[in-house]
Every structure is written in structure tokens, then in C-alpha cells.
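Peer 1: This is a predicted model, with the sequence first.
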Amino acid sequence: MTTRREFVALTLKSVAGLTVMPGLSQAEPTLQTGEIPVVISTWNHGIPANDAAWAILEKGGYALDAVEAGVRVPEADPGVISVGYGGLPDADGKVTLDASIMDEKGRAGSVTFLEHIMHPISVARLVMERTPHVMLSGDGALKFALQNGFEKENLLTPEARKAWKAWKKSNTGFKPVINIENEVKVNHDTIGMLAIDREGRLCGACTTSGMAFKMHGRVGDSPVIGAGMYVDGKVGGAAATGTGELVMKTLGSFLVVELMRSGMSPEAACREAVNRIVAKIPDYRQHQIGYIALNIKGETGAYAIQPGFEYAIRTNSVQELRKVESAI
């Protein structure tokens, strides 16, 4: 029979012989497997979005259906000034939308610079499923949407028009505002969503109206696979929010997934992706970037440049909004 003293000695010897995986700090604690199914999304508009996704996941539904249904909620909410209907327009007063979706098999679809369609995420899914392409843009994306049964709608709400006219009158030019939800009490930014269903299928979605009062024609990171969102069904997924130009310059979501592939936890991977921006972009303090990540074991994590970023999570036992640590 092995005594307690012998058992402790054998355990310590075994731990001492462990090999640390590349990219994984020895100081980082080993994480327990998370709950599955699980859905996470950016900002507090992720709470009702998660509810819609969870209605599918809890019944054993497909994660791709869940993330599409989830992000359609803020797309249709006129109170969300950064996604779909109600989104603040560009410098010309036009509401232009970007979105992307990706499944566990690596298939992807996206639309950019799309006008008049309330649910760009659903158009992006059809691009993935019904065309040989990944991305459609502008008039081509609109034509494709109309051919597939979508209807043209006026997405510029009276409140958004009023804000645009006030901006034009102020003649302040364009300047990204960090965590504007703290200023106007509503969310301002992209919704990115990641989910794993009961069968272990991990999918992601991302949708936005982009920066308020941006130059007409500007496209951000959200529809760029590997920048605004990326999924590898055998590793995990990541999504970004904030100033898309910084995310595109570092292919942030792809980087997060690759760091998880090397052995990092979701939070550590998000932290490293933010640190790459901090090291590379001289004026990073003038911007906000937040990453969320979900690995195939159901573990989640997030990190941001600035304080104030939050992400929503929903599992069988958890339904909450989590504050995120930041570099500043």
C-alpha cells in the first residue's frame, strides 16, 4: 500500500517532469473544462442576443443557427446605435453594414458595405451556403440579398438622422470614441458571438454598422475572416470589437485562435493579441480593442486595451455580464 508521504512524493515528481507547451507560461494555472453548450458575445447587447441563441442551444440545436439568431436581435433593435437598424450612419448619412459568419468546418461567408438590409448576418450565411465565394460587397451584396428574398428597408432611424445632422453641424470631423456606451448609455460597437452546441460544433458570427460618421465606403474588420472573427472547429474561436483598423493590421481573431492552438488559454491568447497591438500601433491609447475567445473545451476569456469592455456569457448554470481586464 502506498503511504500518503509516498503519494505526495510521486505526485511532485510527476509535476516536475511535465513539459510546458509553447506559448504557455508556467505561471498560468491549468483551467478546468467549461460547460457545454455555451454562448458568449460582446458588450451588454450580448445579453438579449445570448438569450436568443440559448433558446436554440438548450434544445440541442446547431451552433450556427444559434449565432445567427443571436446577432439578429441587435441587428433589429433601433436602440442599438452600432448594429443594423438604428446604426449611426457614415459621413454621407448612409447606414452601411458589414457581417461575417463561420461554421465548425471552416466554411465562411461575409458581406460588406451593404445598404437597406436589416439582417446582413443572414445574407452572409447565404453567401457561405449558396455561392462559391466568401465575400460580397456593396451593390453586388444588395442584389444578391434581393434575389434571395430579402426586402429593402430604410435603416436610418429619426434618432440616428438627428445625431448625424448634429455631427455635420459641429464640423468636428471623424474621431473614434472609446467606450461611447458610457457616454450615451447605449452600446456603440460590433456584436461578435461564439457558441458551442451539445455536439461540440463551434461557430461564430459578427455584425456591425461600423464606425459612426466614417468615410463613405469604409469597411472595418467585422466581415474580414481572421480579423473581426475566426473559428477553427478543432481549436476554438475568437471575435473582436473596437477600432477595426487596428484589428485588421494584426489579424487579431486568427491570432487568438492560433495562440490557443499553441496551448494558451482563451484569456491568455486575448491578452497576447492585445499586447501585439500595444507593441505595434503607436497611438493605441486613442483606441479601444476588445477580444473574446472560446476554446473547444468550453473555456472562455477576454481582454481589452481600455477599461470598460464587457462580455456576456450563457450556460446551463451561468447567465451574466463579465467585466474584462485591460492593458491600460
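Peer 2: Sure, I can see it.

Peer 1: Give me the longest helix you can find in the chain.
Peer 2: The residue-count maximum for a helix in the chain (DSSP state H) belongs to helix 266-280.

Peer 1: so after it, what's the next helix or strand?
Peer 2: Next helix or strand after helix 266-280 toward the C-terminus (DSSP states H and E): strand 289-295.

Peer 1: Now do the end-to-end distance for stretch 76-96.
Peer 2: 14 Å (Cα to Cα, to the nearest Å).

Peer 1: quick check, Lys162 in a helix?
Peer 2: Yes. Under DSSP: H, G, I helix; E, B strand; the rest coil, Lys162 falls within a helix.

Peer 1: Tell me the pLDDT of it.
Peer 2: At Lys162, the model reports a pLDDT of 95.

Peer 1: count of residues packed around it?
Peer 2: Neighbour count of Lys162, defined by other Cβ atoms under 10 Å: 10. Every C-beta, even on glycine, is put in place using the N, C-alpha and C of the backbone.

Peer 1: Next up, the contacts around it.
Peer 2: By Cβ atoms under 8 Å, 6 or more residues apart in numbering, no residues touch Lys162.

Peer 1: and the gap between it and Val224?
Peer 2: Relative to Val224, Lys162 is positioned 31 Å away (Cβ to Cβ, to the nearest Å).

Peer 1: circling back to that earlier point, helices or strands next to the longest helix of the chain in the packing?
Peer 2: Applying 3 or more Cβ pairs under 8 Å, 6 or more residues apart in numbering; DSSP states H and E, we find helix 266-280 packed against strand 236-242, helix 244-250, helix 252-261, strand 289-295, strand 300-304.

Peer 1: need the contact list for Ala163.
Peer 2: Counting by Cβ under 8 Å, 6+ apart, Ala163 makes contact with Ile81, Leu88, Ala212.

Peer 1: quick check: mean pLDDT across stretch 81-95?
Peer 2: 95.

Peer 1: so how far is the first residue of it from its last?
Peer 2: For stretch 81-95, the first and last residues are 11 Å from each other (Cα to Cα).

Peer 1: low-confidence ranges in the stretch 151-300 of the chain?
Peer 2: In the predicted model, the stretch 151-300 of the chain carries pLDDT under 70 at residues 171-188.
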